[in-house]
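J.: Mind folding the following:
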Amino acid sequence: MSESLTSIPEKPSQGTAARIGWAILIVATLYVSYFSHLGAIGFVGPDEPRYAWIARDMAETGDWVTPRLYGKPWFEKPPLYYWAAALCFKVFGVTETAARLPSSISALLATLALAWLAWRLYGGETARWLLLLLPTTVGMIGFSHAAATDMPFTGMLTIAMVCAAIVLRLAPDEEGRASPAPTNPAIPWIALILFGIFLGLAVLAKGPAAVILSGGAIFFWAIFTKRWRDAFRLLHPATIAAFCLTALPWYIVCARRNPDFFRIFIIEHNFKRFLTPEFQHIQPFWYYGPVVLLALLPWTPAFVWLAVAGGIRVARDKSLSPNATFLVFWMAFSLVFFSVSQSKLPGYILPAIPAAGLLLAWGFVKLAPKRARLFGAVTLLLGLAMFVAAEIVGAARIHAVRDSAPLLYSLLRCLLSLAIPNILLGLGFVVSKNRRFENSCGVLAVVSLTCFLFFADKILQDLRPIYWRQKDLTLQLVAHGVPTERTFVYLAVDRSTRYALSFYLHREITDWDRTSQEEAFVISGSIDCKRLRKEGYDCQEVPLGNAAEGWSVSHVMPKTSVCGPAGSGESK
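T.: Predicted coordinates:
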């Protein structure tokens, strides 16, 4: 394979207006997908408020080595996300937007790096479509808006894999197939060093899984292509030195300061998490198949068709180019590795999505036009099925759902928003006058989804009582002068609520001790003063506003106390 960095010969260059139009569309898509409405919802799940607490603690204490949750060392994850979020807190203040900004930036960097690889391997058209299709997938949108380690890990690993592709000398010809490796190639020093740096950053983001994922994919690529010499270049001393200088200092310093670091982080949160069901994230082996398909929405119908068409083509030709082999093993090894794990969470499979996005963009440019009407018919039919399903459910339940379950009602709107791009894309290929017409319908599909994302906060405003639930409760507690040092939770309060309340109240919220002789403000979703008074307590309800609907906050004093709240025994 000749060491040429030139891309595939392109068609005659587009006019200035067309290039400007593409640029505006791409920039708007990247911004809306990755950066719009970062603070539109409160912290979700147990991870976001917990990781945000650790980052805020780093910013406040100046201890950038030992992650601490409620003052105690917390070694579940390495510090890359905490460092980035702490810096964002210092610059932008402590907000949900600042907490999620590291994930958005990581998603953007990964997408740009992958687009560069797409341009280098397959040309400008594939790169343009990657910049439109990948950012608008549910997986990339969702995790770029999460204050968690998944997207920083995926972003750093993606950039490392792009650098690995350069070292492996994947280069295009007119069919996108790599040529045989040169006998005496020059070593791409910058790519070697950057591969080591970004692989080290991935290890700082989530741990040694980064080395396993990249090494496993490249190992099987080398077996399949028989290009061991290229693969062994990645073990160059420059790469190893860059990796060690990036990843090891924090691990060494943290282990010296915390003697139990190795046992907790390496043994418990890596080996035990992978090999045993101790962490209770138990799912069937096939779990990640549906998760990947959901993560690729709304382009899942197109991806499935292209995967089948590509598989038929490979079976017919009995060959697969080194470029495609690299992407397939990148995606497939992540899928198999995490499927074997005894602990499964949706975010684990995120490293497979960038590779799937590049395969999707390549198939959209190379395979779909060759069977345009069949591709369009499948995409159109599946899009119509999604639309009809949403309409049927919506028509039958619209009033009941809107009144009693705004979450389901909003999910129906989301389903419609995912159906419309498939309908537009399918129509473009079914009618298929020429490639320009197909591209125009593809652009309309992306624009329709981007518009939905841009106005998502208004379209999904019915969800406000759900996605601001803990913060609204916090504001009500502050407004009513409830002292945070005497605030506790009791019964039916899940981990997500506990961590979120702790973050917003800036204090660890613990369980109420029923035997305590101190006054307490007890937060619960299922207990009120009537029950507590029957159990022998003096109790008075805190009159929260509508924004905290669904919560009960009880001011509790033991009956034996002489300083209970006035009239507590007479309240409702």
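J.: quick one, domains of the protein?
T.: Taking automatic domain parsing as the reference, the chain has its domains at 16-366, 372-461, 468-558.
J.: Which stretch among those is buried most, on average?
T.: Comparing the domains of the chain by mean neighbour count (mean count of other CB atoms under 10 Å), domain 16-366 comes out on top with a mean of 20. Where you see a C-beta, it was placed from the backbone N, CA and C, and this is true even at glycine.
J.: For it, what is the distance to the chain centroid?
T.: Computed by CA atoms, centre = their mean, to the nearest Å, the chain-centroid distance of domain 16-366 equals 10 Å.
J.: average pLDDT for that domain?
T.: When the per-residue pLDDT values of domain 16-366 are averaged, the result is 89.
J.: that's a helix at Gln283, yeah?
T.: No - if the criterion is DSSP: H, G, I helix; E, B strand; the rest coil, then Gln283 is coil and not within a helix.
J.: Give me the secondary structure label for the nearest residue to it once chain neighbours are set aside.
T.: Computed as CB to CB, 6 or more residues apart in numbering, the closest residue to Gln283 that is not its neighbour in sequence is Lys344, at 4.0 Å. Classification of Lys344 using three-state DSSP returns coil.
J.: With Gly39 instead?
T.: coil.
J.: contacting residues around it?
T.: Thr95, Glu96, Thr97, Arg100 (CB atoms under 8 Å, 6 or more residues apart in numbering).
J.: residue contacts, the residue nearest to Asn270 when sequence neighbours are not counted?
T.: Spatial nearest neighbour of Asn270, chain neighbours left out: Gly207 (5.6 Å); criterion: CB to CB, 6+ apart. Taking CB under 8 Å, 6+ apart as the contact definition, Gly207 lies against Lys77, Pro78, Phe265, His269, Asn270.
J.: Over to Pro558?
T.: Under the criterion of CB under 8 Å, 6+ apart, the neighbours of Pro558 are Ser516, Gln517, Gly536, Tyr537, Asp538, Gly564.
J.: on that earlier part again, the contacts of Gly207 in strands, which ones?
T.: Members of those lying in strands (criterion: DSSP state E): none.
J.: got TSV for the residues you listed, with distance to Ser36 too?
T.: Output for the contacts of Gly207, formatted as TSV (distance: CB to CB, whole Å):
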residue	distance to Ser36
Lys77	27
Pro78	29
Phe265	35
His269	33
Asn270	35
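J.: so where does the residue nearest the centre of the chain fall, helix or strand?
T.: Central residue check for the chain by CA atoms, centre = their mean: the C-alpha nearest the mean position is that of Phe143, 1.9 Å away. Phe143 is part of helix 138-144, with elements assigned from DSSP states H and E.
J.: Name the surrounding residues that touch that helix.
T.: With CB under 8 Å, 6+ apart, helix 138-144 has contacts from 33-34, 100, 103-104, 106-108, 111, 134-135, 150-151, 154, 294-298, 347, 350, 353, 357, 418, 453.
J.: Output the contacting helices and strands for the helix or strand following it.
T.: Secondary structure here is assigned by DSSP H and E; on that basis, the next helix or strand after helix 138-144 toward the C-terminus is helix 150-167. Using 3 or more CB pairs under 8 Å, 6 or more residues apart in numbering; DSSP states H and E, the elements in contact with helix 150-167 are helix 80-92, helix 96-122, helix 138-144, helix 189-206, helix 209-225, helix 352-366.
J.: start to end distance for stretch 480-488?
T.: With CA to CA, to the nearest Å applied, stretch 480-488 spans 16 Å between its terminal residues.
J.: And the pLDDT for Glu519?
T.: pLDDT, Glu519: 85.
J.: how near is it to Leu505?
T.: 17 Å (CB to CB, to the nearest Å).
J.: Please apply the same query to Tyr537.
T.: When distances are taken as CB to CB, Tyr537 and Leu505 turn out to be 23 Å apart.
J.: Could you list the residues in contact with stretch 239-250?
T.: Residues from elsewhere that reach stretch 239-250, judged by CB under 8 Å, 6+ apart: 65, 78-79, 192-197, 199-201, 203-204.
J.: Take those residues and write them to CSV, including distance to Leu306.
T.: What follows is the contacts of stretch 239-250, written out as CSV (distance: CB to CB, whole Å):
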residue, distance to Leu306
Val65, 46
Pro78, 36
Pro79, 39
Leu192, 33
Ile193, 35
Leu194, 30
Phe195, 29
Gly196, 34
Ile197, 33
Leu199, 29
Gly200, 34
Leu201, 31
Val203, 33
Leu204, 35
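J.: Pick out whichever of those sits closest to Leu473.
T.: Pro79 (30.3 Å; CB to CB).
J.: any residues touching stretch 128-137, and which ones?
T.: So stretch 128-137 is contacted by 22, 25-26, 29-30, 33-34, 107, 111, 114-115, 118, 140-141, 295-299, 353-354, 357-358, 360-361, 364-365, 421, 442-443, 446, 449-450, 453 (CB under 8 Å, 6+ apart).
J.: Does Ala372 touch Ser432 like I think?
T.: Yes - between Ala372 and Ser432 there is a contact under CB atoms under 8 Å: 4.2 Å.
J.: Give me the common contacts of the two.
T.: Shared between the contact lists of Ala372 and Ser432 (criterion: CB under 8 Å, 6+ apart) are residues Glu438.
J.: just for the stretch 351-500 of the chain, where's the confidence low?
T.: 390-411, 459-467, 492 (pLDDT under 70).
J.: What pairs with the longest strand along the chain, parallel or antiparallel?
T.: The strand that spans the most residues within the chain, counting by DSSP E, is strand 552-558. Applying DSSP bridges, strand 552-558 is found paired with strand 520-524 (antiparallel), strand 537-541 (antiparallel).
J.: wait, which of those strands is closest to Trp83?
T.: strand 520-524 (32.4 Å).
J.: For the closest one, what is the distance to the chain centroid?
T.: The gap between where strand 520-524 is centred and where its chain is centred comes out at 34 Å by CA atoms, centre = their mean.
J.: What lies in contact with that strand?
T.: Outside of strand 520-524, the residues that reach it under the criterion CB under 8 Å, 6+ apart are 473, 477, 482-483, 486-493, 501, 509, 512, 532, 542, 551-556.
J.: Tell me which stretches of the stretch 351-500 of the chain form strands.
T.: Ranges of strands in the stretch 351-500 of the chain, per DSSP state E, counting those that start in this stretch, are 487-489.
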